[in-house]
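Q: show me how the following folds:
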Amino acid sequence: MGENFIACVIVALIGLFCILCSIKNYNWFFENRKAKPFVWLFGRKGARIVYLTLGVFLVGLSVVIMLFL
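A: Got it, this is the predicted structure:
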């Protein structure tokens, strides 16, 4: 159980980080080379929505795994 719990906490923290950066619209986050394809493809607002959705999914996934495993 300890390994699953630690992994779920890490995934939840990554999700919260994505949510925070999406809400705050940090330039350093969206100008990163790994985020630029999403900004180019969807625009800045669309990339924010993608990262917000990703963050909510990761937090939800970690909660579900913690509850059922």
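
Q: where along the chain do the helices fall?
A: 2-24, 27-30, 36-68 (DSSP state H).

Q: dump the ones you listed to JSON lines, plus mean neighbour count and mean pLDDT.
A: All C-beta spots, glycine's among them, are computed from the backbone N, C-alpha and C. Listed next are these as JSON lines, based on neighbours: other Cβ atoms under 10 Å; pLDDT from 0 to 100:
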{"stretch": "helix 2-24", "mean neighbour count": "15", "mean pLDDT": "94"}
{"stretch": "helix 27-30", "mean neighbour count": "13", "mean pLDDT": "96"}
{"stretch": "helix 36-68", "mean neighbour count": "15", "mean pLDDT": "95"}
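
Q: next one, pLDDT for Tyr26 please.
A: With respect to pLDDT, Tyr26 scores 96.

Q: that one and Val50, how far apart?
A: Note on Tyr26: its distance to Val50, by Cβ to Cβ, to the nearest Å, is 15 Å.

Q: cool, Leu69 as well?
A: For Leu69, the distance to Val50 equals 28 Å [Cβ to Cβ].

Q: just Phe42 next, same as before
A: Relative to Val50, and taking Cβ to Cβ, Phe42 is found at 6 Å.

Q: Ser22 now?
A: From Ser22 across to Val50, the span is 8 Å (Cβ to Cβ).

Q: can you pull the contacts of the spatially closest residue to Phe5 that is not a sequence neighbour?
A: Distance criterion Cβ to Cβ, 6 or more residues apart in numbering; nearest residue to Phe5, sequence neighbours excluded, is Met66 at 6.8 Å. Contacts of Met66 were listed using Cβ atoms under 8 Å, 6 or more residues apart in numbering, and they are Asn4, Phe5, Cys8.
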